[in-house]
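[1] pasting the sequence and the predicted coordinates here, then a few questions.
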Amino acid sequence: MADTEQPELPHEPQSRHVTYCGVCTLPPEYCEYGGTVKKCQDWLQKAHPSMYEKIWSAEALEAATASLSVEAQKRAAKDAQKKAAQAEKAEQKQADRMANSVVTIKRVERNKRKYVTAVSGLEAFGLDLKKVAKEFGKKFATGSSVTKVPSGGEEIVVQGDVSDEIEEFLLEKYKDIPEDNIELVDDKKKKASAG
Amino acid sequence: MFKKDISTAPKSKLKSSVQRALRQSLLTTYPLLNNYIDEILPKKGSLEAMKLPDRCTLYVLDGQPLFFQNDATPSNTLLPHLKLVHRFPDAFPSIRIDRGAIRFVLSGATLMAPGLTSPGGRLPSGVLTAPPAEGEEGAVKEGLDEDERWTRELEKGEPVVVRAEGKTEACAVGFLVAGTKEVKEKGKGPVIEDAHYLGDGLWRLATD
């Protein structure tokens, strides 16, 4: 291994440091089984050129496949292809979902001149609602929590009217969310006179 | 065991007495860890436990996964997380599978005997009286010999690390459902079921 650290102190062995692929998280030598081979290769070439040379050089590949029978090689290749296709499809789907889903920022009147801001739809962008809620709370110095909505699913409720700020914050912090996919809604309390 | 993705669960700190007990049971299960134990489990470190589905517990130290155990099995033995195996590859008994078997293991299949008995596979040699390595005292009894075979025959139910032909890092870890001697005699049938392998739910679980 290229970046194996040799034990420095003989009496207390140090742990080895293993590099993991930034794309599929496996050790790079196992990238070929991860389904995102092409991406992994690109990543490794950029991040660890020496390691890339070692694993993906022509000789290494030849040596690797030489021990298998032709039939087994074919089968393995087919399998790898299938896996790659699958991974690609999943990725496509994810991208589609991201493009189509909308983050709704809703200003809800809680009392006269008092508002809460409800944010829904963040989970489609692969965000952890609980963590984002914490972020909001920290950023705006208000209460912020994840609550269940009656229609199923969850939303983040932030105390106070911070809808504009949240939009800005989201755009700045989470670059995955396109601006067009954020929707601001003003929800007036219908039976305001009742209170 | 962990074919599906696992969602992160809250971690809870362990009492130091539990930590001590854990350390003890680790050393009994993996005597080879003796040299490394202070590095894996520093006396001062605060170990955390994470409850996983199917009554599994994962032990985490500073965001680094170390061991997991399945409370549902009667033996309840600790298994090392693969990231730990990668850090200390010499500390766990291991077998090696041939190249053809890798892709099956990495998709969570039961490891079958032919993957071990073929020319690319390595089963323990069974020669416990390994030639004393020069420069070292006779303390090291088991380990890998020059042919990458473990020197001790492994029993049924023992935890074992699975390495792969042509690869440096280990690719799975699990319990033997058949002793290595038996595997050699029979040459077929399952060897390891329900292993923790590279890229499974436990591997991808975020622990920090």
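    Arrived safely. Not measured: the values here are computed from a predicted model.
[2] torsion angles phi and psi at residue 50?
    Defaulting to chain A. Taking degrees, to the nearest 10, you get phi -70, psi -40 for the backbone angles of A:Ser50.
[3] if you could check chain B rather than the one you did, that'd help
    Dihedral angles for B:Met50 - degrees, to the nearest 10 - are phi -130, psi 130.
[4] beta partners of it?
    B:Lys11, B:Leu58 (DSSP bridges).
[5] just checking, it touches B:Ala206?
    No - the criterion here is C-beta atoms under 8 Å, and B:Met50 misses it with B:Ala206 at 10.5 Å. For every residue, glycine as well, the C-beta is placed using N, CA and C.
[6] now for the two: what residues contact both?
    B:Thr8 (C-beta atoms under 8 Å, 6 or more residues apart in numbering or on different chains).
[7] who has more neighbours, these two?
    B:Met50 (19 against 10; other C-beta atoms under 10 Å in any protein chain shown).
[8] how about the contacts made by A:Val37?
    Counting by C-beta under 8 Å, 6+ apart, A:Val37 has contacts A:Cys31, A:Ala80, A:Ala84.
[9] you'd agree the last one is in a helix?
    It stands for A:Ala84. Yes - per DSSP: H, G, I helix; E, B strand; the rest coil, A:Ala84 lies within a helix segment.
[10] what sits closest to it if chain neighbours are left out?
    Nearest-residue entry for A:Ala84: A:Gly35, 5.6 Å, with adjacent residues in sequence omitted and distances by C-beta to C-beta, 6 or more residues apart in numbering or on different chains.
[11] and for B:Gly187?
    Using C-beta to C-beta, 6+ apart, the closest residue to B:Gly187 is B:Thr117 (5.1 Å).
[12] chain A contacts on chain B?
    B:35-36, B:38-40, B:83, B:86-89, B:98-100, B:102-103, B:106, B:119-120, B:165-169, B:171, B:198-199, B:203-204 (C-beta under 8 Å from any C-beta of the partner chain).
[13] of those residues, buried ones?
    Among those, those scoring as buried are B:36, B:40, B:83, B:86-89, B:98-100, B:102-103, B:106, B:120, B:165, B:167, B:169, B:171, B:198-199, B:203 (criterion: 16 or more other C-beta atoms under 10 Å in any protein chain shown).
[14] just checking, which of those belong to helices?
    B:Ile40, B:Lys83, B:His86, B:Arg87, B:Arg99, B:Gly100, B:Ile102, B:Arg103, B:Trp203 (DSSP state H).
[15] so who does A:Trp43 touch?
    A:Cys21, A:Gly22, A:Val23.
[16] sec struct for it, please.
    helix.
[17] for the chain, what spans make up the helices?
    Using chain A here. A:37-47, A:49-56, A:58-66, A:70-100, A:129-140, A:163-173.
[18] actually, chain B is the one I wanted.
    Using DSSP H, helices in chain B cover B:16-29, B:37-40, B:82-87, B:99-105, B:114-117, B:180-186, B:201-204.
[19] list the contacts for the closest residue to chain A within chain B?
    Per C-beta to the nearest C-beta, B:Arg87 is where chain B lies closest to chain A, at 3.8 Å. By C-beta under 8 Å, 6+ apart, the contact list for B:Arg87 reads A:Ser15, A:Arg16, A:His17, A:Val18.
[20] tell me the domain boundaries of chain B?
    According to automatic domain parsing, chain B comprises the domains B:11-88, B:93-199.
[21] per-residue pLDDT, B:Tyr59?
    B:Tyr59 carries a pLDDT value of 90.
[22] show me what counts as buried in stretch A:115-129.
    Neighbour-count burial for stretch A:115-129 [16+ other C-beta under 10 Å]: A:115-125, A:127, A:129.
[23] swap in stretch A:47-54?
    Neighbour-count burial for stretch A:47-54 [16+ other C-beta under 10 Å]: A:His48, A:Met51, A:Tyr52, A:Lys54.
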